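Engineer: Next one to model:
(chains A and B)
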Amino acid sequence: SQQGEEDPQALSIQEGENATMNCSYKTSINNLQWYRQNSGRGLVHLILIRSNEREKHSGRLRVTLDTSKKSSSLLITASRAADTASYFCATPFGNQAGTALIFGKGTTLSVSS
Amino acid sequence: EADIYQTPRYLVIGTGKKITLECSQTMGHDKMYWYQQDPGMELHLIHYSYGVNSTEKGDLSSESTVSRIRTEHFPLTLESARPSHTSQYLCASRLAGPYNEQFFGPGTRLTVL
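Structural biologist: Coordinates of the predicted model:
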């Protein structure tokens, strides 16, 4: 079963607008990660937030984490056409030795110029 | 660019054939993973490895098998391919430790006729 669920499933915005994607998860975690996937390609890591952090920034990206609500959000500010991609949240699965990442269903973002 | 490679990138084969999808990484990562992803859908973890001679099944049942004889190499094999195996297969790796990102290969898109 999937650990994370992103919302919305799809988002269409104009260049320059902000895009917000949300992720909910089910079990306790020690970190949550966000990845981007361009059409038909592998995933690229964007940002990792630890369970003791509430907010983290990286360039135009801002991630928040609320462990009490088991939710996270990814904000992309001043979106560009090149931000068009699918965005996935990922949480750890398995024991410490073999921890893998389980991915949500993703949010497909379309940014038009 | 991550140093993780997958071959072939595209494969079209007939039902009943045995196939091996190759995955290699030059980063010295102990942890390696295989995910299956249908177009526009979520990633499903099908296999992972802690290190040499260790393999585990993921959260999605798969008829494929894997081996890990060398640190850098994590091939996936289908003994008898079927149309239901048509999908994209993504390989990933990471360093040990709970706060390390996963690096993904470009994927192999498999079509079984």
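
Engineer: if I pick the residue lying closest to B:Cys23 once chain neighbours are set aside, what's in contact with it?
Structural biologist: Spatial nearest neighbour of B:Cys23, excluding adjacent residues (Cβ to Cβ, 6 or more residues apart in numbering or on different chains): B:Cys91 at 3.5 Å. Quick note: C-beta positions are derived from backbone N, CA and C, even for glycine. Applying Cβ atoms under 8 Å, 6 or more residues apart in numbering or on different chains, we find B:Cys91 in contact with B:4, B:6, B:21, B:23, B:32-35, B:74, B:76, B:104-105, B:107.

Engineer: Point out the residues in chain A that sit beside chain B.
Structural biologist: A:1-2, A:30-31, A:33, A:35, A:40-45, A:48, A:50, A:86, A:88, A:90, A:92-94, A:96-106, A:108 (Cβ under 8 Å from any Cβ of the partner chain).

Engineer: confidence score at A:Gly4?
Structural biologist: With respect to pLDDT, A:Gly4 has a value of 69.

Engineer: A:Gln96 too?
Structural biologist: 53.

Engineer: now do the one 10 residues further on
Structural biologist: The predicted local confidence for A:Gly106 comes out at a pLDDT of 93.

Engineer: what's the answer for A:Arg80, then?
Structural biologist: Looking at A:Arg80, its pLDDT stands at 97.

Engineer: can you pull the contacts of it?
Structural biologist: A:15, A:111.

Engineer: May I have the phi/psi pair for residue 64?
Structural biologist: If you meant another chain, say so; for now it's chain A. phi -120, psi 160 (degrees, to the nearest 10).

Engineer: You answered for a different chain; I wanted chain B.
Structural biologist: phi -80, psi 160.

Engineer: And it, how far from A:Leu32?
Structural biologist: B:Ser64 sits at a distance of 28 Å from A:Leu32 (criterion: Cβ to Cβ, to the nearest Å).

Engineer: Can you tell me the element B:Ser93 falls in?
Structural biologist: strand B:87-94 (DSSP states H and E).

Engineer: Can you tell me the strand partners of that strand and which way each runs?
Structural biologist: Using DSSP bridges, strand B:87-94 pairs in its sheet with strand B:31-37 (antiparallel), strand B:103-104 (antiparallel), strand B:108-112 (antiparallel).

Engineer: And that strand, what's buried?
Structural biologist: Using 16 or more other Cβ atoms under 10 Å in any protein chain shown as the test for burial, strand B:87-94 gives B:87-94.
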